[in-house]
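Enquirer: everything below, folded, please.
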Amino acid sequence: MTNPRESAEDLSRRSLLRLGLLAGVAGVSTLAGAIPAQIATAATPDIAHGSRSIPNVALTFHGAGSKALAQKLLAILKSTQTPATVFAVGAWLKADNSIAKEILDSGHDLGNHTMNHLQSKTLSATKLDSEIAGCAKELITLTGSHGKFFRPSGTQYSTALIRKTALKYGYKKCISYDVDSHDYQDVGKAAVVKNVMTSVRNGSIISLHFGHQDTIDALPTLITDLHDKGLTPVTLSTMLGTIK
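Expert: Prediction:
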């Protein structure tokens, strides 16, 4: 039970202490010291889109798979000057510790997509905790930050437990999406473009994936079509700063 007379400083210090103890159980004892003290007191619902009155969209990628394919995708984003947001799987980051820096150096946002990309809704509280904490630890180790955003793996929408656990590690909001490209199903270039363009609108958050050739094949056309429709791709940092 929280003491109503505790100062904000006391509450913050106690929260960080609790984080440190829990992180230690999950095998990430150094995590708490790197997490900002400003942690919200209650979880908020998922964000599935930005402002519908501003013609921005967010290309969000689930970060995993072949580094060679990832670099091809990053090269397309760079050549078209298209900012994006990458929700990285912790094990993917750990396997090649240069990819995180490459993403950030290219001006993209980098977020947490759990450690091993398991089905988040099916996990026990303890396992879910270790999945979120594990990826946060990798992000901190590689970049000095636990990442700006969190997206649960294996599900479009979070649960109360997912939001509560994400919040404990400093992620105030879980990010969903309102446009699914279905590129992870290897449906082909034309289908990826069609799946996005038939439903995209102002403020859409678009779900895409690293590790799939169809995504690479579709991306140049997709970027062109978005611009032709009057929509500008931006990072989630930019989009969420414009929510009305």
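
Enquirer: ranges for the strands of this structure?
Expert: Assigned by DSSP state E, the chain shows strands spanning 56-63, 85-88, 109-112, 179-180, 205-209, 232-233.

Enquirer: for the ones you listed, which one sits closest to Arg151?
Expert: Nearest to Arg151 among these is strand 85-88; the distance by CB to CB comes to 4.4 Å. To be clear about C-beta, it is placed using only N, CA and C from the backbone, and glycine gets the same treatment.

Enquirer: save the strands of the chain as a markdown table, and put in mean pLDDT and distance to Ile216 too.
Expert: Output for the strands of the chain, formatted as a markdown table (pLDDT from 0 to 100; distance: least, CB to CB, whole Å):
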| stretch | mean pLDDT | distance to Ile216 |
| --- | --- | --- |
| strand 56-63 | 97 | 11 |
| strand 85-88 | 98 | 15 |
| strand 109-112 | 97 | 20 |
| strand 179-180 | 98 | 18 |
| strand 205-209 | 98 | 10 |
| strand 232-233 | 98 | 16 |
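
Enquirer: could those go into JSON lines alongside distance to Thr165?
Expert: Rendered in JSON lines, the data for the strands of the chain read as follows (distance: least, CB to CB, whole Å):
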{"stretch": "strand 56-63", "distance to Thr165": "19"}
{"stretch": "strand 85-88", "distance to Thr165": "16"}
{"stretch": "strand 109-112", "distance to Thr165": "11"}
{"stretch": "strand 179-180", "distance to Thr165": "24"}
{"stretch": "strand 205-209", "distance to Thr165": "21"}
{"stretch": "strand 232-233", "distance to Thr165": "30"}
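
Enquirer: what about Gly63, neighbour count?
Expert: When neighbours are counted by other CB atoms under 10 Å, Gly63 registers 26.

Enquirer: grab the nearest non-local neighbour of it.
Expert: Leaving aside its chain neighbours, Gly63 sits nearest to Ala88 (3.7 Å; criterion: CB to CB, 6 or more residues apart in numbering).

Enquirer: which strand residues bridge that neighbour?
Expert: Here Ala88 sits in beta bridges with Gly63, Asn112, as judged by DSSP bridges.

Enquirer: which residues touch it?
Expert: 63-64, 99-100, 103, 110-113, 135, 139, 147 (CB atoms under 8 Å, 6 or more residues apart in numbering).

Enquirer: pull the contacting residues for Asp225.
Expert: When contacts are counted by CB under 8 Å, 6+ apart, Asp225 touches 193, 197.

Enquirer: can you do 10 Å?
Expert: Shown in contact with Asp225 (CB atoms under 10 Å, 6 or more residues apart in numbering): 193-194, 196-197, 200, 218, 231.
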